[in-house]
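**Q** sequence first, predicted model second:
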Amino acid sequence: MKDTKQVTIQKGQRFPLTIKRMGIDGEGVGFFKRQVVFVPGALPGEEIVCEAVKVSPKFAAGKIVKIRRASEGRIKAPCPYFEKCGGCQIQHLSYDHQLKEKKDLLRQAFERYTKIPLNNLDFRDTIGMENPWRYRNKSQMQAGMKNGKVTAGLYEPGSNRLTDIDECIVQHPQIDKVTNIVKQIAQDLKISIYDSKKHKGFLRTIVTRVGFNTGEYQLVLVTSSKDFPEKDLFLKELKQRLPDINSVVQNVNPEKTPLVFGDETIVLDGEDQIMEQLDHLTFKLSARAFFQLNPEQTIKLYNAAKDAAGLTGREKVVDAYCGTGTIGLWIADRAGEVRGMDIIDSAVKDAEKNAVRNNINHALFETGSAETVMPRWEKEGWHADVVIVDPPRTGLDKELMKTLLKTKPERIVYVSCNPSTLAKNVTELSAGGYTLESLQPVDMFPHTSQVEAVALLIRPRKKK
């Protein structure tokens, strides 16, 4: 009798592997003995010798022993921290190939979670950057100590080892300058550095944000306590070395937590906010305010959402998950009226101020959840023609999904940072009567495996 038992991979086993596609974390994905194998650093189309380092009943994780045939897109990563930092998973892939693979990540999600034939869809190529470097406007560098020296950087993937980063080539140059100066001052003044294992020490994280189009910049020092040793000396040294800094803020996080920010924020010097511009709009950004990390691509993303909305100047538009109102205010020039909501009251207040600052008087923002606020507006006789959603990675709230299917806006513009939850949500909306019309991937984070997308769903009009 023939043995039909599946042959499993053993830890330490070496075997040839062809990489079929890219995984959601930028790893290569192949199949050996019908078992899926994930290999960090391997690229689609490559033939490698792989060694299994972790084995489970459903998958195996491996490492590259040898590359027998390299991808035509493989290049030498220009960053010296590439293999340790973990921030840029696919910097060793040429940029034109990155854009193709990000479109494929979106394709994979829709093939896995939907039955929508993508060949019949307006599925566009990924919108990329002309110069995909130095694009980030904000960094959060964890402070550390190594051999008596103050360091700041990112943790290596899957470990608690901190990589000290003096220069990051995807960040605005001013961010590197500020971070290195803070490290030096902390070293000179012997300011204690937080140790997460012992839950002791003062300086936890160095956060820097730069206004690309205004030149303003802000430093946020995340500390474990409010009492700031050598505060006056620190500020004096900082102002001498960075005389044009606009805002210096202390955020207090006394908890033993991986979360960066605590609840208390104190302005140490200058303003509590910095200004930034996106084309014709200006925004004030406080220490904890959410703002897209890539200003150049944000304009392209928001324009893709505006184009998908198909506005004529008469429509009533809802900006769900509005945050500080950026998307709603961006499309306001083509809308009859814009209304937004968010559960974070401080963000809504910022949205209201941003509307006033930009002389937009046909936008209203309210604190509350969309699934609560939208039905009330419906009862009051206000019906949305277009709803724009930009949810977190977890996707649309179930109650909001029910609300959308009940209120039936003509168009839903879905801005997504997670292909999987986008595809799942599109399946639910399709079952509720909507048709996926177009899909536009946008590269907000070059050299990473992340991809944003703008999906347009329409509700067919009933024939009279």
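**A** Yep, it's here.
**Q** neighbours around the residue nearest to residue 271 when sequence neighbours are not counted, how many?
**A** The spatially closest residue to residue 271, leaving aside those adjacent along the chain, is residue 247, at 4.9 Å (CB to CB, 6 or more residues apart in numbering). No exception for glycine: its C-beta is placed from N, CA and C like everyone else's. Here the number of neighbours of residue 247 (other CB atoms under 10 Å) works out to 21.
**Q** next: residue 180.
**A** So residue 180, with other CB under 10 Å, has 17 neighbours.
**Q** what helix or strand is it on?
**A** In this structure, residue 180 sits in helix 173-188 according to DSSP states H and E.
**Q** and for that helix, what's in contact with it?
**A** Under the contact criterion CB atoms under 8 Å, 6 or more residues apart in numbering, helix 173-188 has outside partners 134, 136, 138-139, 141, 143, 149-152, 165-168, 191, 193, 203, 206, 208, 210, 217, 219, 221, 234, 237-238, 241-242, 245.
**Q** the top helix by length along the chain: how far from the chain's middle?
**A** In the chain, taking DSSP state H as the definition, the longest helix is helix 95-113. Computed by CA atoms, centre = their mean, to the nearest Å, the chain-centroid distance of helix 95-113 equals 17 Å.
**Q** what are the buried residues along that helix?
**A** Neighbour-count burial for helix 95-113 flags 95, 97-99, 101-110, 113 (criterion: 16 or more other CB atoms under 10 Å).
**Q** stretch 393-400 too?
**A** In stretch 393-400, counting by 16+ other CB under 10 Å, buried: 395-397, 400.
**Q** could the residues you listed go into TSV alongside pLDDT, distance to residue 328 and secondary structure?
**A** Formatted as TSV, those follow (pLDDT from 0 to 100; distance: CB to CB, whole Å; DSSP: H, G, I helix; E, B strand; the rest coil):
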residue	pLDDT	distance to residue 328	secondary structure
395	94	20	coil
396	94	17	coil
397	91	18	coil
400	93	16	helix
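**Q** widest-spaced pair of those?
**A** Maximum pairwise distance in the buried residues of stretch 393-400, criterion CB to CB, is 9.7 Å, between 395 and 400.
**Q** please name the nearest non-neighbouring residue to residue 256.
**A** residue 199 (5.0 Å).
**Q** meant to ask about residue 172, not that
**A** The nearest residue in space to residue 172 (CB to CB, 6+ apart) is residue 210, at 4.5 Å.
**Q** how many neighbours does the one you found have?
**A** 25.
**Q** and the pLDDT at the residue nearest to residue 271?
**A** The confidence metric pLDDT takes the value 98 at residue 247.
**Q** what segments of the stretch 251-400 of the chain are helices?
**A** Counting by DSSP state H, counting those that start in this stretch, one finds helices in the stretch 251-400 of the chain at the ranges 295-309, 326-331, 345-357, 370-379, 398-407.
**Q** can you say which of those is packed in most?
**A** helix 326-331 (a mean of 25; mean count of other CB atoms under 10 Å).
**Q** pull the residues that contact the longest helix of the chain.
**A** For helix 95-113, using CB under 8 Å, 6+ apart, the contacting residues are 21-22, 24, 43-44, 71-73, 90, 93, 116, 118, 123, 125-126, 128, 132, 419-420, 422-424, 426-427, 439, 441, 443, 446-447, 449, 451, 453.
**Q** filter those to the buried ones?
**A** Among the contacts of helix 95-113, those classed as buried by 16+ other CB under 10 Å are 22, 43-44, 71, 73, 90, 93, 116, 123, 126, 128, 132, 419-420, 422-424, 426-427, 439, 441, 443, 446-447, 449, 451, 453.
**Q** show me what counts as buried in the least confident helix or strand in the chain by mean pLDDT.
**A** Lowest by mean pLDDT, DSSP states H and E among the helices and strands of the chain is helix 82-85, with a mean of 90. Buried residues in helix 82-85, counted by 16+ other CB under 10 Å: 82, 84-85.
**Q** convert stretch 426-441 to PDB, retaining C-alpha atoms only.
**A** In PDB, the C-alpha atoms belonging to stretch 426-441 read as follows (Å, rounded to 0.1, in the frame of the first residue of the first chain):
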ATOM      1  CA  VAL A 426     -14.600  44.800  -0.100                       C
ATOM      2  CA  THR A 427     -16.100  41.300   0.000                       C
ATOM      3  CA  GLU A 428     -18.600  42.400   2.600                       C
ATOM      4  CA  LEU A 429     -19.500  45.600   0.800                       C
ATOM      5  CA  SER A 430     -19.900  43.700  -2.500                       C
ATOM      6  CA  ALA A 431     -22.300  41.300  -0.800                       C
ATOM      7  CA  GLY A 432     -24.200  44.400   0.300                       C
ATOM      8  CA  GLY A 433     -24.800  45.600  -3.200                       C
ATOM      9  CA  TYR A 434     -21.600  47.600  -4.000                       C
ATOM     10  CA  THR A 435     -19.300  47.000  -7.000                       C
ATOM     11  CA  LEU A 436     -15.600  47.500  -6.900                       C
ATOM     12  CA  GLU A 437     -14.800  49.900  -9.700                       C
ATOM     13  CA  SER A 438     -11.100  50.700  -9.400                       C
ATOM     14  CA  LEU A 439      -8.000  49.900  -7.300                       C
ATOM     15  CA  GLN A 440      -5.000  52.300  -7.100                       C
ATOM     16  CA  PRO A 441      -1.900  51.200  -5.200                       C
END
